[in-house]
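[1] fold the following for me, if possible:
(chains A and B)
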Amino acid sequence: MKFDDEPVPGYSLPILPGHVSPGRLERVLRAGRFAVTTEIDPPDSADPAEVLRRAAIFDGYVDAINATDGSGANCHMSSVGVCSLLTRVGYATILQMSCRDRNRIAMQGEILGAAAMGACNLLCLTGDGVQAGDHPQARPVFDLDAMSLLEIARRMRDEGRFESGRAITDPPRIFLGAAENPFVPPQAWRARRLAKKVAAGARFIQTQYCFDPPRLRDFMAEVADLGLLEGPDRAFVVVGMGPLASARSARWIREHVPGVHIPDAVIRRLEGARDQRAEGERLCCDILAEVREIEGVSGAHIMAYRQEHTVARIIEETGVLEGRVPWYPGRDNPAELNPEAPEADLDVAASGTG
Amino acid sequence: MYRVRRWVVRHARAFEILYDGFEPVLKVFAPLVARLGPERLERPVAAVERTVKGFLFDCRMCGHCVLSATGMACPMNCPKRLRNGPCGGVRSDGGCEVMPEMRCVWVEAWEGSRRMRHGDRIQVVQLPVDDAEQGRSSWLKVVRGEHAREVAGVHEVR
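    Numbering: from 1, shown residues only, chains lettered A, B, ... in the order given. From the prediction side, this is the model:
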């Protein structure tokens, strides 16, 4: 999708009537197009070029990039840092914010800082427990939970107030999102729990990895029955998925990554394949094609940790973008290219200054 | 105690009736509390409350008791101190992500709420806890009439 008022990189789009943010993700979703998001693996490094290199992999295939916030309770570059680097060259980012590591003073300050740096989307998360990561000795904070963080962020935006009630001069224009995991207990509550998040302000929902489309179908039917997919305050469900590298890694993920449900049939399918990695990618394509057809699904969130290069192939293969080329730096104006994109090297080499 | 608190959740309806009866009784003491000064009563009442609710619910004395909206399962026993429902890390057997040997507090809460007449209060978005209230008595809040507002939360879900 192309907007005739496409911004200069680093500057925001105008906010359309009925929209809350100047971001592309909200535009794509509200226009009813199938959105594709992905996540960047934040580096264990202070090198800004590394962040841009990792983002360039997705050029032309995704509408927004999630910057994870210490995912799995492992320490990496902060999500605000990653988002700030990406928005400088114009990428649309989804700032992930987990309640594990900061109290409400830090989090509200960070929402303002991130919005000022051009982050238009905020994904409010509870966060994995510290036991899951590389610093199990850390003190878990959990001053807020995902729900109260949403509520506070919504008030900051709509009422221009901190939780304390103190006024904010220029409120953050952010599109709010939350996560949901339809695949773990208490399954009977999951759709209604999502209703709670929508009531607290969530408009885009990114789910945990889906390896069980029939379960997702039931969940989406419940969500639709609750009226969450209609009206101006509707939610947009973006389904998480990703390629599995092998049956062994699938088993490891199932045991060690909190909340990932992988049915036995999936592991058997991988085991039966000669090239398990290729089969994992095919499985992801199959899931994406199946999920695309489920009533009420608004997009896919492809998490391809350490297999980022497969994202483009998965999108191409399934054709979910229907010929649309999401904006990336340099799409319309080669002068705006991400300096770390491979094409940028070619340009430099061609002009002989490299 | 873990076994006691699970027993309580299994009898959430009975405890709901008990609590509904307990509230008017507490309110009878309002004039007396006002005369004696609520601050003077804070420590002794909180001590009794800590003992009773500690035994029954593994109460952590957060000062914002929402048991009637959480299926009689105390949400402060969640290692992530979630007040609005389960996280996405619940194990397939209903075990807690952080402490696998413990059943997820919110799986319990959901089951308890289904047994209660006003179980749908679990759908109300609860405000974050005021940390300065830690250790203070919720019963005295009931007496002062401050409690209902808190449990009412911020949003009824459509």
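[2] the closest residue to A:Gly299 other than its chain neighbours: neighbouring residues, count only.
    Distances taken as C-beta to C-beta, 6 or more residues apart in numbering or on different chains put A:Ala35 closest to A:Gly299, at 3.2 Å, once the chain neighbours are dropped. To be clear about C-beta, it is placed using only N, CA and C from the backbone, and glycine gets the same treatment. A:Ala35 is flanked by 27 other residues according to other C-beta atoms under 10 Å in any protein chain shown.
[3] so what's A:Ala35 up against?
    The neighbours of A:Ala35, taking C-beta atoms under 8 Å, 6 or more residues apart in numbering or on different chains as the test, are A:25, A:28-29, A:63-64, A:236, A:238, A:298-300.
[4] what does the pLDDT read for it?
    Confidence at A:Ala35, expressed as pLDDT, is 98.
[5] what parts of chain B come near chain A?
    Contact residues (C-beta under 8 Å from any C-beta of the partner chain) of chain B with chain A: B:79-92, B:94, B:97-98, B:104, B:106-107, B:110-111, B:123, B:125-128, B:131, B:154-158.
[6] which of the residues you listed are buried?
    Buried by 16 or more other C-beta atoms under 10 Å in any protein chain shown: B:79-91, B:94, B:97-98, B:104, B:106-107, B:110-111, B:123, B:125-128, B:155, B:157, out of these.
[7] let's see which of the residues you listed end up in helices.
    Cross-referencing these against helices under DSSP state H gives B:106-107, B:110-111.
[8] what two of these are the furthest from one another?
    For those, the maximum inter-member distance is 9.7 Å, found between B:Trp106 and B:Glu111 (C-beta to C-beta).
[9] who touches both of these two?
    Counting by C-beta under 8 Å, 6+ apart, the common neighbours of B:Trp106 and B:Glu111 are A:Pro186.
[10] if I've got this straight, A:Leu270 is in a strand?
    No: per DSSP: H, G, I helix; E, B strand; the rest coil, A:Leu270 lies outside any strand segment and is helix.
[11] A:Leu283 is in contact with that one, correct?
    Yes: counting by C-beta atoms under 8 Å, A:Leu283 is a contact partner of A:Leu270 at 7.3 Å.
[12] so for these two, which residues contact both of them?
    Between them, A:Leu270 and A:Leu283 share these contacting residues under C-beta under 8 Å, 6+ apart: A:Leu244.
[13] quick one: the strands in the stretch 51-200 of chain A?
    A:64-67, A:93-98, A:121-125, A:175-180 (DSSP state E, counting those that start in this stretch).
[14] just the CA atoms of the shortest one, as PDB, please.
    Right, strand A:64-67. The C-alpha trace of strand A:64-67 is given here as PDB (Å, rounded to 0.1, in the frame of the first residue of the first chain):
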ATOM      1  CA  ALA A  64       6.200  -3.100  11.200                       C
ATOM      2  CA  ILE A  65       9.000  -4.500  13.200                       C
ATOM      3  CA  ASN A  66       8.700  -5.500  16.800                       C
ATOM      4  CA  ALA A  67      11.600  -4.600  19.100                       C
END
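[15] so that strand, near chain B or not?
    No: contact of strand A:64-67 with chain B is not found when judged by C-beta under 8 Å from any C-beta; the minimum separation is 15.0 Å.
[16] closest point of the stretch 251-354 of chain A to chain B, which residue?
    A:Pro258 (3.4 Å; C-beta to the nearest C-beta).
[17] now do the same for that residue: helix, strand or coil?
    Taking three-state DSSP as the rule, one finds A:Pro258 in the coil state.
[18] where's the residue lying closest to it once chain neighbours are set aside relative to B:Glu101, distance?
    Spatial nearest neighbour of A:Pro258, excluding adjacent residues (C-beta to C-beta, 6+ apart): B:Gly89 at 3.4 Å. Noted for B:Gly89: a distance of 15 Å to B:Glu101, by C-beta to C-beta, to the nearest Å.
[19] over to A:Ser45?
    Distance, A:Ser45 to B:Glu101, by C-beta to C-beta: 38 Å.
[20] of those two, which one has the most company?
    The neighbour comparison of A:Ser45 against B:Glu101 (other C-beta under 10 Å) goes to A:Ser45, with 11 against 7.
[21] what's near enough to touch that one?
    When contacts are counted by C-beta under 8 Å, 6+ apart, A:Ser45 touches A:Met77.
[22] which strand or helix spans it?
    Here A:Ser45, judged by DSSP states H and E, is contained in no helix and no strand.
[23] and for B:Val8?
    helix B:2-10.
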